[in-house]
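Trainee: This is the structure alone, sequence omitted:
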């Protein structure tokens, strides 16, 4: 589920001339409006995120709304309470809503204010027929989607997606260090060189068949993948499709337009995002968000490196001398200069080794391998590298393989 961050942005225009820089004075702009994100889902879990708008200059951009009472209510006054999970997230477990009823979202914030959405119908979403890709250029593929509703009742659609990929750290380690003792890794030790990472779509994808005789969506553009670590060791795209009302489609279409235009002084003024949520306590207060209710359909695409018609550039940097010892082969990673520099700690004398190793390795650096650099063989020199080059978790991944990941 994609969480859109709503921020009230204060734009200061700096005009450059040959004489001086002009910075106009900005008037005060109200912020701290309640923003509600997330659809109500029938047949699956519902995730609603509450936050407050902030200024672009504020140090905290994601200001979660905590300790609210949130519930879904139908037009016969039946309530479905959501559970607060932290960081502004409120969750309702798998629930099947009645297609003959209408529903709204009720919110009571910790300061006692009451917010309600309009009642909305429960819509059934048609199936996704296929998700496929086409090469955009030699370094990029673009995903597309075909869908239809045989009942001709969906007409207005929204999509989001989650992508998951497997990757490896640039370097592999063979030892671990504890209190002056270097030990060989065993099969029982965790593998921190292979990780899995996920990302949510960060664009608004909407489409409509309202002007067509049949409820058919053809070649709806989604996101894409470029020449990066995502494509090398397995890539999974999970697309979700939601049915919208006409009003919901228009809201997300405006959101898409505003998002795409943001940042240019020469674009037309962004339209006000008028959703279907209101402050009952203070009707004049602005509220951001739109509540819709539908079933969700999904489609998963699994791609191996061999199936993708683009190739990454082999970016090993300048560490070729060590490649045979510890490189994770086929790793599309380009370290910044000095970031993955390999350094050494001589084993002898023992006291010096322990002192240096304690200082160096306690910060997360990992021993990669050892080499007997003396003659005759009397001691070893251990080579180490920074944690972010050896431990894949340091770049945001997890070593736990998702159950849906087939590679």
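Mentor: Okay, I see it. Bear in mind the structure is a predicted one, so any value in this text is a computation, not a measurement.

Trainee: Please, where are all the helices along the stretch 151-300 of the chain?
Mentor: Assigned by DSSP state H, counting those that start in this stretch, the helices in the stretch 151-300 of the chain fall at 246-261.

Trainee: where does it dip in pLDDT?
Mentor: The model of the stretch 151-300 of the chain has pLDDT under 70 over residues 262-272.

Trainee: Need the distance between the two termini of stretch 221-241.
Mentor: The first and final residues of stretch 221-241 sit 13 Å from each other (CA to CA, to the nearest Å).

Trainee: what does stretch 388-399 give?
Mentor: From the first residue to the last, stretch 388-399 extends over 14 Å; the measure is CA to CA.

Trainee: Need the residues that contact it.
Mentor: Contact with stretch 388-399 is made by 167-173, 190-197, 335, 339-340, 364-366, 368, 387, as judged by CB atoms under 8 Å, 6 or more residues apart in numbering. From N, CA and C alone the C-beta is placed, and that goes for glycine too.

Trainee: which among those residues end up buried?
Mentor: 167-173, 192-197, 335, 340, 365-366, 368, 387 (16 or more other CB atoms under 10 Å).

Trainee: who's in contact with residue 148?
Mentor: Contacts for residue 148 were tallied using CB under 8 Å, 6+ apart; they are 126, 127, 129, 214, 215, 216, 217.

Trainee: Counting neighbours, what do you get for the second one?
Mentor: Going back to what we said before, that points to residue 127. In terms of burial, residue 127 registers 14 neighbours under the definition other CB atoms under 10 Å.

Trainee: Could you list the low-confidence segments of the stretch 301-407 of the chain?
Mentor: Using pLDDT under 70 as the threshold, the predicted model of the stretch 301-407 of the chain has low-confidence ranges 313-339, 347-348, 350-351, 363-364, 367-380.

Trainee: ok, which stretches of it are strands?
Mentor: Shown for the stretch 301-407 of the chain, the strands assigned by DSSP state E, counting those that start in this stretch span residues 343-346, 366-371, 381-385.

Trainee: elements contacting the last one?
Mentor: Counting contacts by 3 or more CB pairs under 8 Å, 6 or more residues apart in numbering; DSSP states H and E, strand 381-385 packs against strand 343-346, helix 350-361, strand 366-371.

Trainee: ok, now with 7 Å
Mentor: The contact analysis (3 or more CB pairs under 7 Å, 6 or more residues apart in numbering; DSSP states H and E) places strand 381-385 against strand 343-346, strand 366-371.

Trainee: in the first one, what counts as buried?
Mentor: I take that to be strand 343-346. By neighbour count, with 16+ other CB under 10 Å as the criterion, the buried positions of strand 343-346 are residue 345.

Trainee: ok, what's across the strand from the closest residue to residue 233 other than its chain neighbours?
Mentor: Among residues not flanking residue 233 along the chain, residue 166 sits closest, at 4.2 Å (CB to CB, 6 or more residues apart in numbering). According to DSSP bridges, residue 196 are recorded as the beta-bridge partners of residue 166.

Trainee: Looks like residue 166 contacts residue 232 (just checking).
Mentor: No. Using CB atoms under 7 Å, residue 166 is not in contact with residue 232, being 8.2 Å away.
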